[in-house]
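S.K.: okay, here's the prediction I keep looking at, along with the sequence it came from:
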Amino acid sequence: MKKFKFLFIMLIGILLFPCTVLAEDKEPVKVYFFHGDGCPHCAEAEDFFDSIEDEYGDMFDLVPYEVWYDEDNYELMQQVAEARKENQEGVPYIIIGNQSWDGYASSYDDEIISKIKSEYETPVDERYDIMNYVDDIYKNGNSSKSESKSYAGDIAVVIAMVLIVSGVGYGIWFARKKAA
């Protein structure tokens, strides 16, 4: 009977272990930053993002797209604006989750930081990512890539659980057979 209690306690511990070890860390929020090389307002926005890197750098990834000299990036910006039902011609154009900023002024700083924080606290699979609604080969963070990553983690957990339960079941069967 002592072996059975020991095996039962081990089973509970083993079943809880993979859930804590394989739990996903929070992923940074994607900040899409459409800009033009030589644009003074874009440079100010870039300086702002550099200035918050130490404090909030783990919470966001800046995804820059230069649109003045790269026609593909300009086309992507137009597709993003169209998907958001916005008319976008100028830069910088900053998008975080379901919110965008046309241009940049230091008065936007607190609002941008607040949006980064709130998106970071939102579970990854519930975040709004405009790039999931735009068909373009140049975009970063397409939905198929992120979906396969989350499925891979789920599959790994299921396989680990099946192996653990099978191993414990075999151990119990073996212990009973040996005792009989």
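M.R.: Thanks, I have the structure now.
S.K.: what sits against V162?
M.R.: Contacts of V162 were listed using Cβ atoms under 8 Å, 6 or more residues apart in numbering, and none were found. No exception for glycine: its C-beta is placed from N, CA and C like everyone else's.
S.K.: confidence score at I164?
M.R.: I164 carries a pLDDT value of 84.
S.K.: please work out how many residues are found near it.
M.R.: 16 (other Cβ atoms under 10 Å).
S.K.: three-state assignment of it?
M.R.: For I164, the assignment made with DSSP: H, G, I helix; E, B strand; the rest coil gives helix.
S.K.: domain-wise, how is the protein divided?
M.R.: 2-24+149-179, 29-140 (automatic domain parsing).
S.K.: which element is the most centrally placed residue in the chain on?
M.R.: Centre of the chain computed as the mean C-alpha position; nearest residue by Cα atoms, centre = their mean is E27, 4.0 Å away. Following DSSP states H and E, there is no helix or strand that holds E27.
S.K.: roughly how far does it sit from S118?
M.R.: Distance of E27 to S118, given as Cβ to Cβ, to the nearest Å: 15 Å.
S.K.: and the closest residue to the residue nearest to the centre of the chain other than its chain neighbours, what's its pLDDT?
M.R.: With sequence-adjacent residues excluded and distances taken as Cβ to Cβ, 6 or more residues apart in numbering, E27 is closest to V124, at 5.0 Å. At V124, the pLDDT value in this model is 92.
S.K.: next, count neighbours for the closest residue to N98 other than its chain neighbours.
M.R.: Among residues not flanking N98 along the chain, Y128 sits closest, at 4.4 Å (Cβ to Cβ, 6+ apart). Look at Y128: counted by other Cβ under 10 Å, it has 13 neighbours.
S.K.: please report phi then psi for Y128.
M.R.: Phi and psi for Y128, reported as degrees, to the nearest 10, are phi -90, psi 120.
S.K.: I'd like the distance between it and A83.
M.R.: As judged by Cβ to Cβ, Y128 and A83 stand 11 Å apart.
S.K.: same question, K178
M.R.: Distance, K178 to A83, using Cβ to Cβ: 65 Å.
S.K.: more neighbours, those two?
M.R.: Taking other Cβ under 10 Å, K178 and A83 do not tie; A83 has more neighbours (14 against 8).
S.K.: just checking, that one touches N132?
M.R.: No: counting by Cβ atoms under 8 Å, A83 sits too far from N132 to count as a contact (9.4 Å).
S.K.: any shared contact partners between the two?
M.R.: Taking Cβ under 8 Å, 6+ apart as the criterion, A83 and N132 do not both touch any residue.
S.K.: with that, I have no additional questions.
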